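J.: here is my input, please return the structure:
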Amino acid sequence: MTAARGRTGRPPLTEARRTEVRREIARAAVDLFVAHGVTATTGEQIGRAVGLSARTVWRYFPSKESCVTPLFSAGIATLTGFLREWPPGQPLDRALDAWLTTGPDLAGGPDEVTVRALVRLTRTEPGLRAVWLQTYDEAEPAFARALAERAGLPPDDLRVTIRAAMFNAALRAAVEHYAWRDASAQGKQGDQGEQAGHPTAERELEATLRQALTAAAEGVR
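T.: Numbering: from 1, shown residues only. All right, here's what the predicted structure looks like:
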């Protein structure tokens, strides 16, 4: 009697582990991009930082610039969840207070100072800029579904489409405004706050998001 042939080699990764590997690659890519620039960073360096080969990195991402996608997308996911849970008839500022109290991962992974540096790179690095804009292009339908569910409307309703576009534009504008502000304008106190656990940067990012989302929500009930 011949024994059944079992599967040999490394067992397949679970979806949770694949997600975590993607995040590890993303964090390593961000650190290298910020420290050395995109052009000077290679797939081999990104892989080496997380104990993988460049070939494995390319199995997860088609390009080195796309490695940061999970960090951009994570921030989108937190807002989508917020829009879905925002109770109809409740003022946005009250809902935002409850949302921020729970400690949402607004930055989508790395600390706020690194996020600021990464988003600044999207202004000068065309490859990163393309990934940044594509993330928001793909986010808009998710915002529409969340707002449609909240309002009891079909996702393709024109009112939903417009509101989703407003929130999408507000989120991107807020993060870019936060990232591209003149660093010297923050003053010495802001720099000290960022170095000591980044509380000032976190508060500034939250305040900017609050202002932008409140502006976008005018007329949305």
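J.: domain ranges for the protein, per the record?
T.: 15-67, 68-217 (automatic domain parsing).
J.: worst mean pLDDT among those?
T.: Note on these: domain 68-217 shows the lowest mean pLDDT, a mean of 78.
J.: and that domain, how far apart are its ends?
T.: End-to-end distance of domain 68-217 (CA to CA, to the nearest Å): 29 Å.
J.: the residue nearest the centre of the chain: what's its closest spatial neighbour, skipping adjacent residues?
T.: When CA atoms, centre = their mean is applied to the chain, the residue found nearest the centroid is Phe72 (2.6 Å). Nearest non-adjacent residue to Phe72, counting by CB to CB, 6 or more residues apart in numbering: Thr135, 4.2 Å away. Using the backbone N, CA and C atoms, a C-beta is placed for each residue, glycine as well.
J.: neighbours of the one you found, just the number please.
T.: 19 (other CB atoms under 10 Å).
J.: before we move on, which element is the residue nearest to the centre of the chain in?
T.: Using DSSP states H and E, the element containing Phe72 is helix 69-85.
J.: which parts of that helix are buried?
T.: Using 16 or more other CB atoms under 10 Å as the test for burial, helix 69-85 gives 69-76, 78-80, 82-83.
J.: and it, what other elements does it pack with?
T.: Secondary-structure packing of helix 69-85 (3 or more CB pairs under 8 Å, 6 or more residues apart in numbering; DSSP states H and E): helix 15-36, helix 92-101, helix 126-151, helix 158-180.
J.: what angle do the shortest one and helix 69-85 make?
T.: With axes from the mean of the first three to the mean of the last three CA atoms, to 10 degrees defining the directions, helix 92-101 sits at 130 degrees from helix 69-85.
J.: for the following helix or strand past helix 92-101, C-alpha coordinates in CSV please.
T.: As assigned by DSSP H and E, the chain's next helix or strand after helix 92-101 is helix 112-124. Output of helix 112-124 as CSV, limited to C-alpha atoms (Å, rounded to 0.1, in the frame of the first residue of the first chain):
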residue,chain,number,x,y,z
GLU,A,112,2.6,61.1,12.1
VAL,A,113,6.0,62.5,11.5
THR,A,114,6.8,59.7,9.0
VAL,A,115,3.4,60.1,7.4
ARG,A,116,4.2,63.8,6.9
ALA,A,117,7.5,62.9,5.3
LEU,A,118,6.0,60.2,3.1
VAL,A,119,3.2,62.5,1.8
ARG,A,120,5.7,65.2,1.1
LEU,A,121,7.5,62.8,-1.2
THR,A,122,4.3,62.4,-3.3
ARG,A,123,4.9,65.9,-4.5
THR,A,124,8.3,65.2,-5.9
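J.: specify the angle between helix 112-124 and helix 126-151 in degrees.
T.: Going by the same axes, to 10 degrees, helix 112-124 makes 110 degrees with helix 126-151.
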